[in-house]
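Chemist: Give the three-dimensional model of this entry:
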Amino acid sequence: MPAEPTPELLPPVASWLRRRSWSAADRPVRTLLQAKERTGQTVSVVLPALDEEATVGDIVRTVRRELMERLPLVDELVVVDSGSTDATAAVAAEAGARVEHRDAVLPRLPAVPGKGEVLWRSLLVTRGSIVCFVDADLREFDPAFVSGILGPLLTEPDIQLVKAMYDRPLETDSGAVVPAGGGRVTELVARPLLNLHWPELAGFVQPLGGEYAARRSLLERLPFPTGYGVELGLLVDALELVGLDALAQVDVGVRHHRHQDGQALGRMAATIYRTALERLDRTHRLKASADLVHPLLTQFTRDPETRGFTAHTHPVTALERPPMHTVPEYATRR
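Modeler: Predicted coordinates for the structure are as follows:
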């Protein structure tokens with residue numbers, strides 16, 4: 001049989017990838033500083049943290065040294081402690097961050113566990129016109145994780161939200177490294193959900209990544225899922241509110257971080273799936289009809305020659321055969 005033709009990206013997604021995907025190197029930090037001074041925008045960097053004493057200090061020191069003291073790109077550096085039982089708060093404060101405690105922010109409303117809860121409350125204790133979120137478990141932290149995703153927001157007035165994209169190797173306890181083995185929940189849950197139900201978002205390389213920046217004027221209008229579904233929820237809701245062209249992504253290299261065990265990933269996956277279901281239900285998109293489900297899946301690999309990300313699109317088949325007892329030939333089989 002002849003091979004089926006390879007599906008192509010939706011034209012709007014292909015166009016978006018060309019126009020709204022950049023590398024951090026495209027905008028030197030001094031160029032960003034000039035744009036910041038010219039426009040009067042201010043920047044808050046927020047690290048949500050739960051028991052991250054081993055890594056939070058290095059991240060804070062790097063941001064403070066490179067993006068506050070050497071070049072004043074960041075105005076405010078805040079670690080929001082989510083009830084840590086280790087020395088996370090003390091380490092962050094000693095490294096130079098202002099530390100806020102989740103339960104002390106908006107005390108009239110009892111806090112619930114979850115990353116999204118911390119991100120939502122952080123809007124109450126920051127003042128920047130641009131808010132940049134960075135996970136506190138990153139190792140070998142590069143300041144481009146901040147400056148890279150700030151770039152489009154400081155230089156492109158129409159951009160509202162920017163996500164980091166990167167390679168995500170899986171580093172095992174034995175020391176083995178699987179180059180593209182990280183992001184398992186992204187590949188197994190989030191990417192299929194987004195491709196099938198919100199195909200406009202198929203171009204995002206790391207839709208669940210915890211490093212992203214947005215204008216406060218957008219964030220304050222979005223609901224925040226309190227748990228691990230916050231990244232998917234914000235991305236889907238931002239698409240609905242401001243449209244695809246207001247969203248962008250920037251390549252910042254390689255992300256090294258602590259990996260979760262299988263059961264933790266299962267809990268994360270369930271939360272993300274429920275977050276998607278809530279949005280499908282809210283917009284009356286739960287029915288799997290042809291106009292609501294786009295049966296293609298776009299995945300990404302790093303091109304060894306260009307060093308950029310290459311999209312690969314595959315069909316998602318859903319053909320089902322009827323129960324065998326309804327097939328006439330079944331009754332007359334030998």
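Chemist: Spatially central residue in the protein, please.
Modeler: Residue closest to the average C-alpha location in the chain (Cα atoms, centre = their mean): residue 209, at 3.0 Å.
Chemist: Settle this for me: that residue is touching residue 255, isn't it.
Modeler: Yes: using Cβ atoms under 8 Å, residue 209 is in contact with residue 255, at 7.5 Å. Every C-beta, even on glycine, is put in place using the N, C-alpha and C of the backbone.
Chemist: I'd like the next helix or strand past the least confident helix or strand in the chain by mean pLDDT.
Modeler: Least confident helix or strand of the chain, by mean pLDDT, DSSP states H and E, is strand 177-178 with a mean of 50. Scanning forward in sequence from strand 177-178 by DSSP states H and E, the next helix or strand is helix 184-185.
Chemist: Residue 51 contacts residue 91, doesn't it?
Modeler: No: Residue 51 is beyond contact range of residue 91, at 10.9 Å (criterion: Cβ under 8 Å).
Chemist: Just the buried residues of the longest helix seen in the chain, please?
Modeler: Looking across the chain with DSSP state H, the single longest helix is helix 262-282. Residues of helix 262-282 classed as buried: 265, 268, 269, 271, 272, 273, 275, 276, 279, 280 (neighbour count, 16 or more other Cβ atoms under 10 Å).
Chemist: residues contacting the closest residue to the third one other than its chain neighbours?
Modeler: Translated: residue 269. Once flanking residues are discounted, residue 269 sits nearest to residue 189: 4.6 Å by Cβ to Cβ, 6 or more residues apart in numbering. Residues near residue 189 by Cβ atoms under 8 Å, 6 or more residues apart in numbering: 269, 272, 273.
Chemist: For the second one, list the residues it contacts.
Modeler: Remark: with contacts taken as Cβ under 8 Å, 6+ apart, residue 272 is in contact with 185, 189, 190, 193, 208, 228, 229, 232.
Chemist: Tell me how many other residues surround the closest residue to it other than its chain neighbours.
Modeler: Residue nearest to residue 272 in three dimensions, not counting chain neighbours: residue 229, with 5.0 Å by Cβ to Cβ, 6+ apart. A total of 27 residues lie near residue 229 under the criterion other Cβ atoms under 10 Å.
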